[in-house]
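Participant: I would like to see how this sequence folds:
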Amino acid sequence: MVMDVISAANARQAALPPGAPGVIRMEVGQPGTGAPAGAVEAAHAALRSGDPLGYTEAFGRRSLRERISRHYRDWYGFDVSADRVAVTVGASGAFPLAFLAAFDPGDRVAMAAPFYPPYVNIITALGMVPVIMEAGPETRFQPSVAMLERLDPRPDGLIVASPCNPVGTMLHPEELAAIAGWCHTHGVRLISDEIYHGLHYESAISTAAALSPSAVVINSFSKYFSMTGWRVGWMVLPEDLVRPVECLAQNMFISAPYLSQVVAEAAFDCQDELRANIAGYRRSRDYLLKALPEAGFDRLSPAEGAFYLFADISERSNDSMAFCARILAETGVAVTPGVDFDRTRGNRFLRFSYCGPEGDMREAAARLKAWG
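Facilitator: Predicted structure coming up:
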C-alpha cells in the first residue's frame, strides 16, 4: 500500500500549479541525503579508471568483504571472518537468499506484527508459512522469548528487526541475546534484520552475529550509509549456510553491481558526513515528538531508532487508508497507513517517516496542527 501512497503523492505534486506549496514526503523510508561525498568521488575515480566494471565473485569484492568484517570489529567488538560475509543486491536481494538457504517449503517462520511487509510476501511466495505474533506497547512492538514459548508447534525460523520498520523500536542487547540463545538452543533459525543499525539514539545496538553461531544477519548500505539506489547490502552467514547461499547467489544474481561495491567500500571512510545525517534525524525526531501530539497524534511508539514514528489513530479513525488519503488531499503531507505492516490492527495506525529535510519535517507538523 505504501507504493500506492507514493503514486498518489507523485500525482498530487505533478498537478500542483507553479508556486504552490509542495507535497511533503513522510511516507517513504528513503534518506533525503545521497551517498556521502567521498563515496561518490570513488565512483568517479572508478569510472575514469577504464576498468570494465564487470562481474565480481558472487559474494562480492574481497576488499569490501574484509572492510565489512572490520566494521564488525569496530562497531561491535566482534571478529567475523570475511569468508562469512556475502555482499548482496541490497537487503532485498539478501532476504530470498537467506530464506531459501535456511528453510524448506512448508517451514513455519515467525515474526512479530507490525512487520516489514516483504518478509511475509517473500516467505509466502517461496512456499513457507508466516507465523504472526501480535506485539504491543508492553514489548515495544517487539517479540519476546515468552511469545515464542507460547507458539505450538515451535516455528522453524524467526525474523527480528532492530531498529524496526515501521515502529522505530529496538530489541535491547539483553533482549536480543535472550532471543538468540533461545533460537539456537531450540533449533530455530534466527534471521536478524539489522539494516537500520547506526540509526539509533539513546538505546545501544548489538548484532545477532555475536550472540549466536547459527544466526543469519542482514544489513544494507541503504539507510545509515544513505545509498538506497546503489542497491548493495550484505549478509553475515553461519558456517553451514555459506556454501548454500553462495550457490544460490551465483544462480540468482551473479553479483552485486561492481560500481556499487566500490562506492560502498569508500562509504565506510565517510563517518563525519554520516554522523551529521544522524544528527539531523535526531533533531527531526525530537521536534516531532513534541509537535505531533500538539497536532492530535499523541499515541506514538518509542522512537528508539530508524526514522519512523508509529501512531495509534484509533481515537480519530478506524480506516488508516482513508485517513492518510484525507491528510494528503487536505494538507499535502504524505504518510503511510498501517495496513501494510499489520493486517489485523493496521487500520488503526499510520507511520510517519522523518528522514526527509529537517525544514520539511517542521512544515509538515505545522500543516498537521493547522488541519487537526
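
Participant: please tell me how far residue 372 sits from residue 288.
Facilitator: 14 Å (CB to CB, to the nearest Å). Backbone N, C-alpha and C define where each C-beta goes, glycine included.

Participant: okay, those two: which has more neighbours?
Facilitator: More crowded of residue 372 and residue 288, by other CB atoms under 10 Å: residue 288, with 23 against 13.

Participant: I figured the more buried one hits residue 358, correct?
Facilitator: No. Using CB atoms under 8 Å, residue 288 is not in contact with residue 358; the gap is 10.4 Å.

Participant: domain assignment for the chain?
Facilitator: 2-30+272-371, 38-267 (automatic domain parsing).

Participant: ranges for the helices of the protein?
Facilitator: 2-15, 37-48, 62-76, 90-102, 117-125, 145-149, 173-186, 239-252, 258-267, 271-294, 320-331, 358-371 (DSSP state H).

Participant: mind putting those in CSV, mean pLDDT and distance to residue 222 included?
Facilitator: Shown next, in CSV, are those (pLDDT from 0 to 100; distance: least, CB to CB, whole Å):
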stretch, mean pLDDT, distance to residue 222
helix 2-15, 86, 15
helix 37-48, 97, 13
helix 62-76, 98, 15
helix 90-102, 98, 6
helix 117-125, 97, 13
helix 145-149, 98, 29
helix 173-186, 98, 22
helix 239-252, 98, 18
helix 258-267, 98, 10
helix 271-294, 97, 13
helix 320-331, 95, 24
helix 358-371, 97, 20
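
Participant: mind checking these for the one nearest to residue 162?
Facilitator: Nearest to residue 162 among the helices of the chain is helix 173-186; the distance by CB to CB comes to 6.4 Å.

Participant: about what we covered before: the helices of the chain: which one's closest to residue 201?
Facilitator: Nearest of the helices of the chain to residue 201, taken as CB to CB: helix 271-294 at 5.9 Å.

Participant: tell me how many other residues surround residue 265.
Facilitator: Applying other CB under 10 Å, I find that residue 265 has 22 neighbouring residues.

Participant: next one: it from residue 271, what distance?
Facilitator: Counting by CB to CB, the gap from residue 265 to residue 271 is 14 Å.

Participant: what comes up buried for stretch 326-339?
Facilitator: Judged by neighbour count using 16 or more other CB atoms under 10 Å, the buried positions of stretch 326-339 are 327-328, 331-339.

Participant: what lies in contact with stretch 132-149?
Facilitator: Applying CB atoms under 8 Å, 6 or more residues apart in numbering, the contact partners of stretch 132-149 are 110-115, 120, 151, 154-155, 158, 160, 162, 164, 167, 169-171, 175, 178-179, 182-183, 188, 301-302, 304, 310, 342-345.
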